[in-house]
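Q: sequence and predicted structure below; questions after.
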Amino acid sequence: MGRVFKFYMSLLTASAAILFAIAWSKGNFEVDLSYVIIMVALIFAEFGYISYGGSNKATVTLPIVTFAILRYDLIMVYIAIIIYNMIYRFIAVYRDKSNERIFNVKLLYGITSHIILSAITIVVLKHIPLEITLLSAALVGCTLYGLIILNALMTTTVIYLSGDKGAYRFFNPLAYFQLVSYYTIAFVVVYLLSSAYNEVGLAIAFISILYTQTSTLMKSSSKAINDLLIFDRMTGAYNRAYFEDQIATHLFRKQPFTLTFIDLDDFKHVNDLYGHMTGDKLLADFVAILNNMIGPDELLFRYGGDEFCVFSPGKDKMKHLKKDLDDLIFVYKLESSDQMIHYKISSGEYFYAGYETVNYSEVIHEVDQHMYLKKKKKKIE
């Protein structure tokens with residue numbers, strides 16, 4: 001991690017620690033049944049995302065926290081943030097069977113960013129009338145939209161400073177606007193029912209919005225956001241982040257799948273002889289060819305560089321693809337001349353039956369080894 005990244009994280013952490021200390025010194029630590037219901041709702045909101053979520057980080061956590069800020073002293077909101085972030089990280093690591101530590105920079109960033117956003121929210125909400133009117137709902141909606149943008153900007157900055165220099169390409173404030181209406185409705189429903197029926201109304205409100213989180217919210221998410229998050233922009237294949245999400249989800253649910261890893265043989269020579277721009281165009285052409293070869297329920301991912309992966313849900317469905325790939329010589333015609341580039345590929349396969357106890361890293365190691373052995377055998381021959 002670079003110095004700038006460490007400085008940025010230290011700045012966020014110090015700011016959150018100061019805000020926490022101020023709230024602690026002035027805090028009222030009263031806890032009632034409503035607080036417990038809110039805590040449970042926060043945990044279920046995050047658990048619902050990691051169990052059934054799509055490519056967007058779109059949960060009802062934001063309106064729930066915003067409502068809690070209105071109802072409770074700020075220190076109790078901070079404590080809730082720390083607890084549900086820790087539980088969320090524990091569940092996420094367990095789901096992915098990851099070797100990551102639970103207490104790491106991801107958890108630290110989750111806690112600090114939520115505390116900072118909550119402190120900003122309370123300043124804004126003090127100037128919004130609590131009675132539900134069209135104006136108040138609009139102001140709440142604007143507040144939620146601002147929080148979404150600020151959170152996205154903070155997160156994008158963390159990703160950028162951690163090494164992904166292209167992170168800001170995906171920051172598009174207008175693309176998040178469609179989430180605001182859902183968040184505003186969720187907030188108003190919680191506020192109205194809790195005001196009318198206290199804890200019973202609060203429980204009913206959370207049951208209704210958590211139920212719709214994995215259906216209405218995901219369906220209303222912008223396709224533009226999904227495309228930015230799950231596609232590799234250069235080749236048009238699905239990207240590695242979406243690949244990891246698919247594997248983790250199927251392992252967690254014990255659903256069978258088949259993987260075929262694909263690597264272009266001696267692709268470095270193409271870049272050295274014809275330039276990286278030609279190499280990029282060749283990869284895009286290769287993706288177009290593979291997309292015409294795979295079945296309608298199979299997904300093609302760019303794993304990295306000249307490595308790709310075909311993912312097939314269910315049992316072994318790719319025998320035809322494996323045979324074709326082993327036999328084919330691919331051809332790419334240069335745009336500047338009639339010259340042809342001929343190339344071959346190496347592939348490796350892995351089948352997950354649905355009952356093995358394996359994690360993501362073990363799956364990747366297994367299929368990578370199969371591909372490496374094939375490549376090594378071809379060089380010997």
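A: All right, it came through fine. Bear in mind the structure is a predicted one, so any value in this text is a computation, not a measurement.

Q: in the stretch 151-300 of the chain, which spans are strands?
A: Applying DSSP state E, counting those that start in this stretch to the stretch 151-300 of the chain gives strands spanning 257-264, 299-304.

Q: how about the contacts made by Val287?
A: Thr235, Gly236, Ala237, Leu300, Arg302, Phe308 (C-beta atoms under 8 Å, 6 or more residues apart in numbering). Glycine gets a C-beta too; all of them are placed from N, C-alpha and C.

Q: what does Ile247 give?
A: In this structure, Ile247 makes contact with Phe257, Phe311, Tyr360, Val363, judged by C-beta under 8 Å, 6+ apart.

Q: cross the residues you listed against strands and list the overlap.
A: Phe257, Phe311 (DSSP state E).

Q: got the contact list for Ile116?
A: Leu12, Ser15, Ala16, Leu19, Met154.

Q: could you redo the last one with a cut-off of 7 Å?
A: Contact analysis of Ile116 by C-beta atoms under 7 Å, 6 or more residues apart in numbering lists Leu12, Ser15, Ala16, Leu19.

Q: how far away is Gly305 from Leu153?
A: For Gly305, the distance to Leu153 (C-beta to C-beta, to the nearest Å) stands at 29 Å.

Q: same question, Gly110
A: Distance from Gly110 to Leu153, by C-beta to C-beta: 16 Å.

Q: go on, Lys377?
A: 49 Å.

Q: show me which of the two is the more surrounded one.
A: Leu153 (13 against 10; other C-beta atoms under 10 Å).

Q: if we can go back for a sec, what's the closest of the strands of the stretch 151-300 of the chain to Ser346?
A: Ser346 lies closest, by C-beta to C-beta, to one member of the strands of the stretch 151-300 of the chain: strand 257-264, at 5.1 Å.

Q: next, count neighbours for Phe308.
A: By other C-beta under 10 Å, the residues close to Phe308 number 26.

Q: how about Thr155?
A: 16.

Q: how close does it sit to Tyr332?
A: With C-beta to C-beta as the criterion, Thr155 and Tyr332 are 38 Å apart.

Q: also Lys378?
A: Separation of Lys378 from Tyr332 (C-beta to C-beta): 20 Å.

Q: next one: His269
A: 13 Å.

Q: which of those two has more residues huddled nearby?
A: Using other C-beta under 10 Å, the more surrounded residue of His269 and Tyr332 is Tyr332, with 21 against 12.

Q: can you give me the helices in the stretch 151-300 of the chain?
A: 177-212, 218-220, 223-230, 240-253, 267-274, 276-293 (DSSP state H, counting those that start in this stretch).

Q: lowest-confidence stretch among these?
A: If you rank the helices of the stretch 151-300 of the chain by mean pLDDT, helix 218-220 sits at the bottom with a mean of 51.

Q: tell me which of the contacts of Ile247 is nearest to Val65?
A: Tyr360 (29.8 Å).

Q: sec struct for Asp338, please.
A: coil (DSSP: H, G, I helix; E, B strand; the rest coil).

Q: A strand includes Cys309, no?
A: Yes: the assignment for Cys309 is a strand, going by three-state DSSP.

Q: spatially, which two of the contacts of Val287 are the most separated?
A: Farthest apart among those by C-beta to C-beta are Gly236 and Phe308. That separation is 11.6 Å.

Q: ok so, going back, including neighbour count, could the contacts of Ile247 go into TSV?
A: Output for these, formatted as TSV (neighbours: other C-beta atoms under 10 Å):
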residue	neighbour count
Phe257	22
Phe311	21
Tyr360	16
Val363	20
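
Q: just the closest of the contacts of Ile247 to Glu199, please.
A: The closest of those, once distances to Glu199 are taken by C-beta to C-beta, is Tyr360, at 40.4 Å.

Q: residues contacting Ala196?
A: Contacts of Ala196 by C-beta under 7 Å, 6+ apart: none found.

Q: let me fix that, I meant to ask about Ser118.
A: The neighbours of Ser118, taking C-beta under 7 Å, 6+ apart as the test, are Val65, Ile69, Leu74, Val77, Tyr78, Ile81.

Q: same question for Phe257.
A: His250, Phe311, Ser312, Pro313, Gly314, Tyr352 are the contacts of Phe257 under C-beta under 7 Å, 6+ apart.

Q: per-residue pLDDT, it?
A: For Phe257, the model assigns a pLDDT of 90.

Q: also Ile122?
A: 90.

Q: quickly find the element holding it.
A: Ile122 is located in helix 105-125, with elements delineated by DSSP states H and E.

Q: buried residues in that helix, which are they?
A: 106-107, 109-119, 121, 124 (16 or more other C-beta atoms under 10 Å).

Q: and if you look at stretch 16-27?
A: Ala16, Leu19, Phe20, Ala23, Gly27.

Q: next, the contact list for Phe5, please.
A: When contacts are counted by C-beta under 7 Å, 6+ apart, Phe5 touches Leu161, Ser162.

Q: re the thing from before, from the contacts of Ile116, pick the one nearest Tyr160.
A: Distance to Tyr160, by C-beta to C-beta, is smallest for Leu12 among the contacts of Ile116, at 14.1 Å.

Q: quick check: closest non-adjacent residue to the closest one.
A: Spatially, and ignoring its direct neighbours in sequence, Leu12 is nearest to Thr112 (4.5 Å; C-beta to C-beta, 6 or more residues apart in numbering).
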